[in-house]
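1. Got a predicted structure here, sequence first:
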2 protein chains.
Amino acid sequence: MSDLTPLHALGEFGLIRRLQQKITLRQPGTVLGIGDDAAILAPTAGQEVVMTTDLLVEGVHFDLSFCPLKHLGYKAVAVNVSDIAAMNALPTQLVLGLAVPSRFSVEAIEELYEGVRLACEAYNVDLVGGDTTSTRTGLTLAITVLGEAPAGQAVRRSGGKPTDLLCVSGDLGGAYLGLQVLEREKQVFLADLEAQPELDNYEYVVQRQLRPEARLDVVHELRELGLTPTSMIDVSDGLASEVMHLCAASGTGARVFTDNIPVANPTLEAAAEFNLDPLTCALNGGEDYELLFTLPVTAYEKIKNHPDITIIGHLTDKDDAVNLVTKAGQAVPLQAQGWKAF
Amino acid sequence: MSDLTPLHALGEFGLIRRLQQKITLRQPGTVLGIGDDAAILAPTAGQEVVMTTDLLVEGVHFDLSFCPLKHLGYKAVAVNVSDIAAMNALPTQLVLGLAVPSRFSVEAIEELYEGVRLACEAYNVDLVGGDTTSTRTGLTLAITVLGEAPAGQAVRRSGGKPTDLLCVSGDLGGAYLGLQVLEREKQVFLADLEAQPELDNYEYVVQRQLRPEARLDVVHELRELGLTPTSMIDVSDGLASEVMHLCAASGTGARVFTDNIPVANPTLEAAAEFNLDPLTCALNGGEDYELLFTLPVTAYEKIKNHPDITIIGHLTDKDDAVNLVTKAGQAVPLQAQGWKAF
C-alpha cells in the first residue's frame, strides 16, 4: 500500500493534468475539451441534441467491496449512454463529476478513469469536462452525456399507438441474478477472509451486473433496417416498470406475453439455484439496460427473425390497462415494483 | 416538524412530478424537458454550444448550518452559469443531479428547488432534466449547464497577448469575508443556542457568500460595446490563482497593480474588524464569481470609465512572469494559494 500516491500529494490540478493526458478526442463536433471554464462544441447541422444526467452514489448504486473501480467507471458511462440510445440517438460528449473520499489513492482514481476511457472508446464519445473534488463520505459520480439524432427523429416514450408491436433487445433478469451472486460471495468473504469468490459458473450474470453495455448496436441496426421506433425507453428499473412508463406516456394499455420475455440460459440456471422465479427477475430485477420499444405492425416481417430483438407483446387501448398474459391465455394486470430511490 | 413529509412517502417519481409542476421553459431551443430518458434540444444555427459541470458536496462546498437551502439552490446554478459567462456565452439549459440524505423532508427539497427555479428565471435558463437519489451521507448537487455563443466567439483562457489590458468586473474579497462572518456566528450559536445571528452590519459580504450572481450583465455589456475579450476566466478561486491560470494558458506574464484591485467598502470594514488584509482576501479569498478578462489596449477608451469594470493591470511577455506591483512601484512575483480541493 505504501507505494500508492495519496490524493493530496498531487492536488486537484495535478490530478486533472495527469488524467487528461490519456484522453483522446474523436468527435468532429468537439472544438475544445477539458481545461477551460467550459468545453466548446459544434453540434452537427440538421441534428437535434439530447442530454441526460445520472448520479451514482456509493452504498446506494454500487458496492466497492465487489465492484472493481474500472468496471464502475465503465458502467457509469454505459448507463448514461443507454439513456441516449433510448432516444434513438448516438452519444457525442460527456462530462464527469467525481467526489472522492480522501482514503482513495491517485492510482484508484486512475483505475476509475481507465474504465471511463474504455467506455468512451467503445461508444465513440468524448470526455470534454469534469469536476473533481474531495468528499468526507462515499464516492459519488455525476455523469452528463450529450448525443445527437437527426432532427425530428429523437424517439420519446410517448409515441406508442395501440396495435404497435412491443419489442425488447437482448435478454432480461441477468443483472439482478449477478447481484445476488455477488452479494452471496460478499457474505462468504465477510465470514472467512481467506475465501476466494466462486464466480466461474456465473460469468454471464455477473458480467451483466458489473459491466452492462448500452445497446447502441440496436440503434444502428434499426437505422439500417429503415425502422424508427414509435416509442422507446431503456430497461433500467425492470421490464414491468418500464412498460408501465411507456404506456402511461403513450396513453395506451399493453399485452405482454410471459412466454415471450427473453431470459438467457445462464440466468435461468442461476435463478433455479437461488430459488427465484426467473420471470419475476426479468420483470422487476432492473439494471439490464436493454431497450424496450414499439414499432408499427408493418415492421413485423423485418424483425420477426432478428436474433437480438424479441416481440414480447403489443400496445392496446388505454382502457385495456397493462396486462401480463400467461401461457394459458390468462391476463393479469401488471404491477411495477422496480427500483425505489428512497 | 411533524407536518413535514418524509421523502419515502412520495417516492422518486412522486417527488419528480411534484417538482416538475413548477418548471417553466423559456428557451426556444428546448424541444422536450424533464420526463423522458433524455431532454431534446435544438441549438441555434450559427452558435457554438458550451458545456460545464460542477459538484457541490455538503461539508466541503457548503455548510447547511448557515446556508439556507434556497440560497444553496440559487448559488449552485449561479456558479455554473458563471463558467458559461466566462466563455462569453449565454446559458440555455441545465440538468440537476441531487443526492439527498433520508433525513431531508420533501419540503426541504422543495426549498432547494425553489432556489434553482429562481436562478433559472434570473439567468433565463431551462431546467430540462435531472436525477434524484438517496444517499446515506451528505447532500450532493451535480449541475451541468449548456450555453451558446456565436460560432468562433466563445472566449478561452488562452487568447491573451502581451500589452492586453487585464480587467475585472465588480469587486473582490467580499465572499471570503462573508464566510468569516458566518463561521463566527456559527461558533457563537454553538456556544449559546439562544443567540441570534448578528448579520446586519455585514449584509453585503454575507450576500456575496450566500448568493453570488453570475455576471451575465457584463457579457451583455461587452457585446453592446462591440468588445470581445481576448481571454476570460471567472474568479472562483481568488484573483491570484485565476491570473496565474489565464497567463499560463495564454503564455504570457502580467503586471497587476495592487492599488487598482477593486474592494468594496463593506469588505474593507469587515476585513478591518477581522484583522485581515483586504488585499489578501481579494487575491486568495475565492468565491467572488466576478469575470477576469483581457482586452486589446485599443479598447481602453470604451471601458476606462465603466462603473463596473476595473483595469487592474496588463499582460506582459512570458519571461516577465506574473507580478504584483505595489503602490511604491515594487514588483513582487504573484503566488496563488486559492482553494485546495484535496
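-> Structure's in. What do you need? The model shown is predicted, which means the values in this text are computed figures rather than measured ones.
2. Contacts made by the helix or strand residue A:14 falls within with the rest, please.
-> Per DSSP states H and E, residue A:14 falls inside helix A:7-20. Contacts with helix A:7-20, where a contact means C-beta atoms under 8 Å, 6 or more residues apart in numbering or on different chains, come from A:34-35, A:100, A:102, A:104-106, A:109-110, A:113, A:130, A:132-134, B:340-342. In this view, the C-beta of every residue, glycine as well, is placed from N, C-alpha and C.
3. residue contacts, residue A:97?
-> By C-beta under 8 Å, 6+ apart, the neighbours of residue A:97 are A:130-133, A:140-143, B:53-55, B:97, B:142.
4. and the helix holding residue A:14, how far out from the chain's middle?
-> Distance, stretch centre to chain centre, for helix A:7-20: 29 Å (C-alpha atoms, centre = their mean, to the nearest Å).
5. before we move on, back to that, filter the contacts of helix A:7-20 down to the buried ones.
-> A:34-35, A:100, A:104-106, A:109-110, A:113, A:130, A:132-134, B:341-342 (16 or more other C-beta atoms under 10 Å in any protein chain shown).
6. Which ones among these lie within helices?
-> A:106, A:109-110, A:113 (DSSP state H).
7. Could you check how far residue A:118 is from residue A:112?
-> 11 Å (C-beta to C-beta, to the nearest Å).
8. Same drill for those two, tell me which one is more crowded.
-> residue A:112 (24 against 16; other C-beta atoms under 10 Å in any protein chain shown).
9. List the residues that contact that one.
-> A:69-70, A:72-73, A:98 are the contacts of residue A:112 under C-beta under 8 Å, 6+ apart.
10. filter those by proximity to chain B?
-> residue A:98 (C-beta under 8 Å from any C-beta of the partner chain).
11. Which members of the contacts of residue A:112 are positioned in helices?
-> Reading helices off those with DSSP H, I get A:69-70, A:72-73.
12. Adding neighbour count, write these out as a markdown table.
-> Written out in a markdown table, the entries for these read as follows (neighbours: other C-beta atoms under 10 Å in any protein chain shown):
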| residue | neighbour count |
| --- | --- |
| A:69 | 20 |
| A:70 | 20 |
| A:72 | 23 |
| A:73 | 26 |
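13. ok, so of those residues, who is nearest residue B:302?
-> Distance to residue B:302, by C-beta to C-beta, is smallest for residue A:73 among the ones in helices among the contacts of residue A:112, at 48.2 Å.
14. Now for residue A:118 and residue A:112: what residues contact both?
-> Joint contacts of residue A:118 and residue A:112 (C-beta under 8 Å, 6+ apart) are A:70, A:73.
15. thinking again about what came up before, who's in contact with the following helix or strand past the helix holding residue A:14?
-> Under the assignment DSSP H and E, the closest C-terminal helix or strand after helix A:7-20 is strand A:30-32. Residues external to strand A:30-32 that are found in contact with it (C-beta under 8 Å, 6+ apart): A:39-42, A:92-93, A:126, A:128, B:48, B:154, B:156.
16. 10 Å instead?
-> A:25, A:38-42, A:92-93, A:125-129, B:48-50, B:87, B:151-152, B:154, B:156, B:158 (C-beta atoms under 10 Å, 6 or more residues apart in numbering or on different chains).
17. Adjacent strands (with direction) for it?
-> Looking at strand A:30-32 with DSSP bridges, its partner strands are strand A:39-41 (antiparallel).
18. Name the residues that touch the strand it pairs with?
-> With C-beta under 10 Å, 6+ apart, strand A:39-41 has contacts from A:27, A:29-33, A:49, A:92-95, A:126-130, A:146, B:43, B:48-53, B:87, B:89, B:146, B:149, B:151-152, B:154-156.
19. and the residues you listed, which are buried?
-> Buried, going by 16+ other C-beta under 10 Å: A:27, A:29-33, A:49, A:92-95, A:126-130, A:146, B:43, B:48-53, B:87, B:89, B:146, B:149, B:154-156, out of those.
20. residues near residue A:207, how many?
-> 17.
21. Check residue A:317 too.
-> 11.
22. now swap in the one 3 residues further on and tell me
-> The local packing of residue A:320 (other C-beta under 10 Å) involves 15 other residues.
23. ditto for residue A:304
-> For residue A:304, using other C-beta under 10 Å, the count is 11.
24. I figured it was touching residue A:297, is that so?
-> No - counting by C-beta atoms under 10 Å, residue A:304 stays clear of residue A:297, with 11.1 Å between them.
25. Between those two, which contacts overlap?
-> The contact lists of residue A:304 and residue A:297 share residue A:165, where a contact means C-beta under 10 Å, 6+ apart.
26. Low-confidence ranges, the stretch 201-342 of chain A, go.
-> A:336-342 (pLDDT under 70).
27. hey, where'd the strands end up in it?
-> A:231-235, A:253-257, A:290-295, A:309-316, A:322-325, A:331-333 (DSSP state E, counting those that start in this stretch).
28. could I get those strands as a markdown table with distance to chain B and mean neighbour count?
-> Listed next are those as a markdown table, based on distance: least, C-beta to the nearest C-beta, whole Å; neighbours: other C-beta atoms under 10 Å in any protein chain shown:
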| stretch | distance to chain B | mean neighbour count |
| --- | --- | --- |
| strand A:231-235 | 6 | 27 |
| strand A:253-257 | 18 | 21 |
| strand A:290-295 | 10 | 27 |
| strand A:309-316 | 17 | 22 |
| strand A:322-325 | 16 | 20 |
| strand A:331-333 | 19 | 11 |
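29. give the contact list for the residue of the stretch 151-300 of chain A found nearest chain B.
-> In the stretch 151-300 of chain A, no residue comes nearer to chain B than residue A:154, which is 4.8 Å away by C-beta to the nearest C-beta. Each residue near residue A:154 by C-beta under 10 Å, 6+ apart is listed here: A:47-50, A:84, A:87-89, A:147-148, A:228, A:232, B:31-32, B:36-42.
30. if we go to 8 Å?
-> Residue A:154 neighbours (C-beta under 8 Å, 6+ apart): A:48, A:50, A:87-89, B:31-32, B:38, B:40.
31. Chain A - how does it break down into domains?
-> Using automatic domain parsing, the domain parsing of chain A gives A:7-150, A:157-333.
32. Return the most buried member of those.
-> domain A:7-150 (a mean of 21; mean count of other C-beta atoms under 10 Å in any protein chain shown).
33. chain center to that domain, what's the gap?
-> 14 Å.
34. Name the nearest residue to residue A:285, sequence neighbours excluded.
-> residue A:176 (2.8 Å; C-beta to C-beta, 6 or more residues apart in numbering or on different chains).
35. pLDDT value on the one you found, please?
-> For residue A:176, the pLDDT comes out at 96.
36. and what of residue A:195?
-> pLDDT, read off for residue A:195, is 69.
37. Pick out the most distant pair among the buried ones among the contacts of helix A:7-20.
-> Maximum distance among the buried ones among the contacts of helix A:7-20 (C-beta to C-beta): 24.0 Å, for A:35 and A:105.
38. Flag every residue of the stretch 151-300 of chain A that's near chain B.
-> A:151, A:154, A:156-158, A:232-234, A:249.
39. how would you label the residue positioned nearest the centre of chain A: helix, strand or coil?
-> For chain A, the residue nearest the mean C-alpha position is residue A:79 (2.9 Å; C-alpha atoms, centre = their mean). Classification of residue A:79 by DSSP: H, G, I helix; E, B strand; the rest coil places it in helix.
40. how far away is it from chain B?
-> 11 Å (C-beta to the nearest C-beta, to the nearest Å).
41. Residue A:112 too?
-> 15 Å.
42. do residue A:90 as well
-> 12 Å.
43. Give the phi and psi angles for the residue nearest to that residue when sequence neighbours are not counted, as a check.
-> Leaving aside its chain neighbours, residue A:90 sits nearest to residue A:147 (5.6 Å; criterion: C-beta to C-beta, 6+ apart). Main-chain dihedrals, residue A:147, degrees, to the nearest 10: phi -150, psi 180.
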